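K.L.:
this is the structure alone, sequence omitted:
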């Protein structure tokens, strides 16, 4: 890492892309567009800035797109757990060691969502159904098996003696699509990060029966009990991390380090994270790299236990 201030030696000279490896309207897209908005509103970036959605393959399309631009400081990507779990489950060969960690951005909690008209009124109703028959509830999640949403649901199932391998799960390209499937009655339950749930709760279209957080959340989910409150000791969340392609120069990493440090202190950024039930979790590139290595070990253990590791 270069000394403080060295990031001034490199500046973007053309359009910068923030890649969301999921569909428009996804939780990842929402974070990318929030970044874009704050960076532009505060004039923190001299170059043009666009958000590019690359959905498919459980985020793999986006990862492949990023790494098709090696050593390019003009392309970054907002990633969830799948940059680690895809390799463990065999979904994609690219993992955290094949990219350049830039910054931990935020931590996002996981919600369990049903249609407002669903006979599943509470978390306990869901638990009773899956205890009797794990395949009796149709579920939706994005964007890959083995991700944070899937792990959270699997841990809930294991806690009550249900076999997670028997769950009936449809995988969508974005959390927005998962929620749409619930709204349309195509599936009974969506397991999704919380960022996209609020407007549907306010409109009375969905019911959030549980969150896998340590304590109740603010905003639209303030009335939603945690799993612990409903007798299941499951706390699990997903993070949102900014990464760059393989081979980025130290000067490029230092530039993004400085930019993300400034972003993390902006009132607009912090306010919008809170409104969308995300927790600020800024770390610089060195700390992010260490955390990814620690998480890889932890997640391999969880996925092996769930029979998902390859």
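P.N.:
Now that the structure is in, tell me what you want to look at. Predicted model only: the values in this text are computed from it and were never measured.

K.L.:
contacts and neighbour counts: CA atoms only from here.
P.N.:
Fine.

K.L.:
shaky segments in the stretch 101-250 of the chain?
P.N.:
Filtered on pLDDT under 70, the stretch 101-250 of the chain yields no residues whatsoever.

K.L.:
got the domain ranges for the chain?
P.N.:
The chain breaks down by automatic domain parsing into domains covering 6-107+238-305, 109-230.

K.L.:
phi, psi of residue 276?
P.N.:
Main-chain torsions, residue 276, degrees, to the nearest 10: phi -100, psi 20.

K.L.:
that one and residue 195: what is the separation?
P.N.:
When Cα to Cα, to the nearest Å is the yardstick, residue 276 and residue 195 sit 5 Å from each other.

K.L.:
residue 262 too?
P.N.:
From residue 262 to residue 195 the distance is 22 Å (Cα to Cα).

K.L.:
ok, residue 176 next?
P.N.:
The gap separating residue 176 from residue 195 is 10 Å, by Cα to Cα.

K.L.:
what sits in contact with each of those two?
P.N.:
Overlap of the contact sets of residue 176 and residue 195 (by Cα atoms under 8 Å, 6 or more residues apart in numbering) consists of residue 27.

K.L.:
contacts for stretch 237-248?
P.N.:
Counting contacts by Cα under 8 Å, 6+ apart, the residues outside stretch 237-248 that touch it are 28, 66-73, 75-81, 98-110, 148-149, 152, 193, 212-213.

K.L.:
show me what contacts residue 53?
P.N.:
Taking Cα under 8 Å, 6+ apart as the test, what residue 53 contacts is 19, 20, 21, 22, 23, 24, 29, 62.

K.L.:
ugh, typo on my part, it should be residue 220
P.N.:
Counting by Cα under 8 Å, 6+ apart, residue 220 touches 198, 199, 201, 202.

K.L.:
the same query, at a cut-off of 6 Å, please.
P.N.:
Counting by Cα atoms under 6 Å, 6 or more residues apart in numbering, residue 220 makes contact with residue 198.

K.L.:
end-to-end on stretch 16-31?
P.N.:
Taking Cα to Cα as the criterion, the two ends of stretch 16-31 lie 16 Å apart.

K.L.:
quick check: buried residues in that stretch?
P.N.:
With burial defined by 16 or more other Cα atoms under 10 Å, the residues of stretch 16-31 counted as buried are 16-24, 26-31.

K.L.:
what average pLDDT does it get?
P.N.:
Stretch 16-31 carries an average pLDDT of 94.

K.L.:
tell me the gap between it and the middle of its chain.
P.N.:
Relative to the chain's own centre, stretch 16-31 is displaced by 10 Å; criterion: Cα atoms, centre = their mean, to the nearest Å.

K.L.:
distance of the residue nearest the centre of the chain relative to residue 92?
P.N.:
Centrality entry for the chain: nearest residue to the mean C-alpha point is residue 80, 4.1 Å, by Cα atoms, centre = their mean. For residue 80, the distance to residue 92 (Cα to Cα) stands at 14 Å.
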